[in-house]
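Visitor: Give me a 3D structure for the following:
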Amino acid sequence: MTSDLSPYQTPNSEIDENTAQANAEIIINQVPLSRGAYWFFDGFKRFFRNPFAWLTIGLINFLLLLVVMVVAIIPIIGSFVPTLLYPVIVAGFMKAAANQDQQSINISDLFFGFQHQTSQLFINGALYLAMTIGAGIITIIIMLILGFGMFSAIDRANDASVILWILLLFLVFMALWLPVMMAVWFAPALIALRDQEGVKAIALSFKGCWRNFWPYFIYGLTAMAVMLGVGFLVFFIVFLVSGGGNFNSLSGSSETMFIWIVSILSIFATLAGGPIFFASVYSSYIDIYQSAEHQ
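Guide: Below is the predicted model of the structure:
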């Protein structure tokens, strides 16, 4: 009996599936304001579902960052490497978060971007670099122009004018850099998980962020409030341990406790900060983007 199956059927099927996924219409949902706060805390929830896996991924990511920092020392070329690699690394975090929903998160997921859609991720990184350079040049030109007005205000010793010019410079900076961040926020996830092309992923990312600007505004406010709360808590603990801020009065045991507290918090923030943040980005990604066939 002759089989109808070809030894080439499986890879062709995978290619067809990827092509179909890339060509599928993507619906961009507009979600309620409250989802912004949900995304932030869902990042913590996802992290603590598999803390050891995420911490290991965070450790590997930290080591990769150290390597990138060393490479970045190389004149001219080195300064481009972090931006080019950014989408590739983020794609790994997105894959890990996606696999976690399937109960199969793996440490190797971090390297997914080096194995899948790598060329498109690098194209996305190159576009990100071009937008960054463009925004930087425009920012410098505008700041130079506005700077003359600020220096003139300083010469006139007008404090209100100085504050106004500084605020204006900040608004110009945000107006130029916010669209760049919106364009790359979801792009790695769209390329890695939905097989979108680099250019199209940027357009979809910008549309998704624009349509959900206010939920993301709440996301930012929530993150800021939590960080301020944690900072105050750490300050309060340090204040108590140090006997009211007098470090010279610390006993041997108190000094040891202080060192341990600072060390543990620093290590946790270093290793867990990235996974928690990108898990929250993934949470917003699956909330906002949906394939038409799943409607």
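
Visitor: OK, contacts around residue 117?
Guide: 91, 191, 192, 195 (Cβ atoms under 8 Å, 6 or more residues apart in numbering). Where you see a C-beta, it was placed from the backbone N, CA and C, and this is true even at glycine.

Visitor: now with 10 Å?
Guide: Neighbouring residues of residue 117 by Cβ atoms under 10 Å, 6 or more residues apart in numbering: 18, 22, 87-88, 91, 123-124, 188, 190-198, 201.

Visitor: Please apply the same query to residue 180.
Guide: 127, 128, 130, 131, 132, 134, 135, 136, 202, 206.

Visitor: Identify the farthest-apart pair in those residues.
Guide: 136 and 206 (18.7 Å; Cβ to Cβ).

Visitor: Compare the two (neighbour count), which wins?
Guide: Neighbour count, other Cβ atoms under 10 Å: between residue 136 and residue 206, residue 206 has more, with 19 against 13.

Visitor: Show me what residue 291 bridges to in the sheet.
Guide: When bridges are called by DSSP bridges, residue 291 pairs up with residue 26.

Visitor: okay, now residue 170: neighbour count?
Guide: 10.

Visitor: Pretty sure residue 278 sits against residue 39.
Guide: No - between residue 278 and residue 39 there is no contact under Cβ atoms under 10 Å: 11.5 Å.

Visitor: what touches both of those two?
Guide: residue 285.

Visitor: Please report the number of neighbouring residues for the nearest residue to residue 56 once chain neighbours are set aside.
Guide: Leaving out its chain neighbours, the residue that sits closest to residue 56 by Cβ to Cβ, 6 or more residues apart in numbering is residue 107, at 5.3 Å. For residue 107, the count of nearby residues is 14 (other Cβ under 10 Å).

Visitor: Now do residue 107 against residue 55, distance only.
Guide: 10 Å (Cβ to Cβ, to the nearest Å).

Visitor: Work out for me the element the nearest residue to residue 113 once chain neighbours are set aside sits within.
Guide: Leaving out its chain neighbours, the residue that sits closest to residue 113 by Cβ to Cβ, 6+ apart is residue 91, at 3.4 Å. Residue 91 belongs to helix 77-101 when elements are defined using DSSP states H and E.

Visitor: on contacts alone, who are the packing partners of that helix?
Guide: helix 35-49, helix 51-71, helix 118-155, helix 159-185, helix 187-194, helix 252-288 (3 or more Cβ pairs under 10 Å, 6 or more residues apart in numbering; DSSP states H and E).

Visitor: Just give me the residue closest to the centre of the chain.
Guide: residue 278 (5.5 Å; Cα atoms, centre = their mean).

Visitor: got the buried residues for the helix holding residue 91?
Guide: Residues 80-100 are the ones in helix 77-101 that count as buried (16 or more other Cβ atoms under 10 Å).

Visitor: Can you get me a residue count around the nearest residue in space to residue 53 that is not next to it in sequence?
Guide: Closest residue in space to residue 53, ignoring its immediate chain neighbours: residue 105 at 5.1 Å, by Cβ to Cβ, 6+ apart. Burial measure for residue 105: 19 neighbouring residues, criterion other Cβ under 10 Å.
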